[in-house]
Structure formats: structure tokens, C-alpha cells
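>>> Predicted model and sequence follow; I will ask about them next.
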Amino acid sequence: MNKYNETFGIDISKDVFDCYGSVQGHLQFKNEATGFKKFLEILSKDSLVVMEATGYYHYRFAQFLYNQNVIVSVVNPLSVKRFIQMKLAKVKTDKSDAKAICNYGMIHEVPLYSALTDVQSECLQLFRLLDSFIKKRTATKNKLHGEEVMGTPSKCVYRSLNRDKKHLDKEILGIEQKLLSLIKQDQQNQLTLLQSIPGIGLKTALFLIVVTDGFKKFETASQLCSYVGITPTIRESGSSVKGRSRISKVGNRKLRNLVFLCSFNACKHNKACKAIYERIVNKRKSKKLALIAVSNKLLKQSFAIAKSGNPYDETFVSVLGSN
């Protein structure tokens, strides 16, 4: 049982949000400013509001409550899903989900929400847009290649695709420059420190700083690795079930992908990462497993350097990065 006077579970969607209070039961409000204010009126002092991370929908409400000094927790949807499955629930509605989230918050020690600064919020939006444009540019490049393979590409189609690619190139460059200028406002030193790590590029360093709030959100390197989703899960049961170890994939997918891409370069130029990679490959394990281990090491090195305030050093990082 938690320490709060009342716990509220929130299931939020585009137009409304269903609310279940441990004392007041089920309520429903509009997912807009008027609904937020009405919900605020029913809250007693020392109430806890728990909601799932649902992309755009939860963010505005969580920010509003936080700015009103309400205790808020944003939890991983997968954790709630597993909690519901464990209870063997047969009914799934917005109302039942809100109640399940409430019960989850009452039983578990949930993490408390910390609002993003204006700079963090803009950076995250820019990263989402950047990711979208990069995917579009890749698709355009593939179409250009496909037209060339045909042997007799249409000049009209070819010119149109080239114009599209040039426009995307320009937009991507502008977003990257804007991101860099925002981070330099108050995180220039940390940006420089992270880029001193062989394998960590500018884009990954920028994203690490934004999503970790300059590494303030985590107390240990293991917490950071769990957040990113680069932690092994063991699949064994008795003597008959022995599956391959996998990464958990419960975390920040974008950051996980960026760090994994960095691992290719790190296993060649980063001494500690190279040693890990070679040790795992020499044991006849898969190269992918070795790259995952390198990704894990990169995150631990990043955490150690960010917390110490010292640039990359082979001997220094090999010790701190193992924690």
C-alpha cells in the first residue's frame, strides 16, 4: 500500500481521459484544458496520479499536473499490460484500464514524473521530426535507386525525386543545426565530453543529453542501460527450455538504435569496447550479441564521463564504465 491519500489511474486517449480513483471510483473528463481543470478540482492533498506513457496524449496532461504541484507518475505501458495479464483480467475497456493503472500505482513504487524544460521539449520534438525526415530521405534514395535499376528511368520522375531529396537534405541540416544551438546553450561542456568517447557521434551525444536531462535522471549506469533497453534477458526454465539471451527492448527505442549503430565504430576504435567484442566473438558467440555488449559498454562509459566531468581516458573509463 502506498503513502498517498488517494491514487488515481488515468487512461488517456485523443478526446477524453478515463480516471479511476481509489476512493472516488470511475470518472471521465475531456482531454483538453477545461477537463484538466475539472480533474484538478477533485484532487485532495497528497494524491498520486498515475498514467501510461502514450506518446503525445499523456505529455500535455502530465506537464499540466506537474506545473500545478500534483504528484505524477508516468509508467511504462508494458509494465501495466503485464500487471493486467497477471490478474487474468477478461474485460478490457478504458474504464477497466484506468482501474488497473490505479491498482498498479497502489501496489508498486512508481517513478515520479519530472517535467521537461522548454529546451528539452523542443529538442525532443526536433528529434522526432528529424527521425521522420531521415526515414523519408532513405525511402526517396531507395526509389531513385529503383528507377536507375530499371534502365530507362523517367526524366520527370527522376527530377521530382531529386528535388524531394534535396529538400529533405536541407530540412535535415537545418534541424541538426537548431538542435546543436539549443544544446550549446547550457550543455556545451557535456556535449564535448561525450564526443571524446570513440564511437559516440554528435547526434547520439545530443540525444543522450536531451533524454537523460544531462544524466540527472539516473543514479547508476545500470538504470540508464535499463531505460535504453540494452540489458540482457535470460530465457531458461528447468532443463528443457534454454533460449538465447536477448536484450529487453523495453526502453527508449530511438536511443537504443543510435547507440547500437555507434557500436560498429566503437568495436574498432574504442579499446574497452574492442576487447569486449573480441572476447565474445572468440567464444563463438554471435556478432550481434557482441555488438549489444559494446552498446552496453558505451552507455556505461557515457554515464561515467558525464558524472565525472572528465574527458575520455582508456584507463579511467575502463574502471568507472564497469559499474
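Good, I have the coordinates.
>>> rest of the way, CA atoms for contacts and neighbours
Fine.
>>> Please enumerate the strands of the stretch 51-200 of the chain.
71-75 (DSSP state E, counting those that start in this stretch).
>>> Which residue ranges of it form helices?
All helices of the stretch 51-200 of the chain, identified by DSSP state H, counting those that start in this stretch, fall at 56-67, 77-86, 94-107, 118-149, 155-195.
>>> and the first one, how far out from the chain's middle?
If I follow you right, that is helix 56-67. 17 Å (C-alpha atoms, centre = their mean, to the nearest Å).
>>> Packing partners of that helix?
On a contact count with 3 or more C-alpha pairs under 8 Å, 6 or more residues apart in numbering; DSSP states H and E, helix 56-67 meets helix 33-42, strand 71-75.
>>> now, of these, which is deepest in the fold?
Across those, averaging neighbours per residue (mean count of other C-alpha atoms under 10 Å) puts strand 71-75 on top, at a mean of 21.
>>> Need the residues that contact that strand.
For strand 71-75, contacts defined as C-alpha atoms under 8 Å, 6 or more residues apart in numbering pick out 46-53, 62, 65-66, 110-113.
>>> and it with helix 56-67, angle?
Angle, strand 71-75 to helix 56-67, by axes from the mean of the first three to the mean of the last three C-alpha atoms, to 10 degrees: 160 degrees.
>>> got the angle for strand 71-75 vs helix 94-107?
Using the same axes, to 10 degrees: strand 71-75 against helix 94-107 is 110 degrees.
>>> Please identify the pairing partners of strand 71-75 and their relative orientation?
Strand 71-75 pairs in its sheet with strand 47-52 (parallel), by DSSP bridges.
>>> The partner strand - what's its average pLDDT?
Across strand 47-52, pLDDT averages out at 93.
>>> got a list of what residue 294 touches?
By C-alpha under 8 Å, 6+ apart, the residues touching residue 294 are 263, 266-267, 273-274, 276-277.
>>> show me what contacts residue 200?
Applying C-alpha under 8 Å, 6+ apart to residue 200 gives the contacts 194, 259, 262, 266, 298.
>>> next one: phi and psi at it?
Dihedral pair for residue 200: phi -90, psi 120, per degrees, to the nearest 10.
>>> any idea of the pLDDT on it?
Reported pLDDT at residue 200 in the predicted model: 95.
>>> Likewise for the one 4 residues further on?
Reading off the confidence values, residue 204 has pLDDT 91.
>>> sec struct for it, please.
Recorded secondary structure, residue 204: helix (DSSP: H, G, I helix; E, B strand; the rest coil).
>>> ok, back up a step: between all of the contacts of strand 71-75, which two are at the greatest distance?
By the measure C-alpha to C-alpha, 46 and 53 form the most distant pair in the contacts of strand 71-75, at 22.0 Å.
>>> Below-threshold pLDDT in the stretch 51-200 of the chain: ranges please.
55, 88-91 (pLDDT under 70).
>>> picking that back up, export the helices of the stretch 51-200 of the chain to CSV and tack on distance to residue 229 and mean neighbour count?
Putting these into CSV (distance: least, C-alpha to C-alpha, whole Å; neighbours: other C-alpha atoms under 10 Å) gives the following:
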stretch, distance to residue 229, mean neighbour count
helix 56-67, 21, 17
helix 77-86, 13, 14
helix 94-107, 22, 22
helix 118-149, 19, 15
helix 155-195, 20, 15
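>>> Let me know which of those helices is the nearest to residue 12.
When the helices of the stretch 51-200 of the chain are compared by C-alpha to C-alpha, helix 56-67 sits nearest residue 12, at 6.6 Å.
>>> coming back round to it: redo the helices and strands packed on helix 56-67 as TSV? Include distance to residue 122.
Output for the helices and strands packed on helix 56-67, formatted as TSV (distance: least, C-alpha to C-alpha, whole Å):
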stretch	distance to residue 122
helix 33-42	21
strand 71-75	20
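>>> Perfect, I'm done here.
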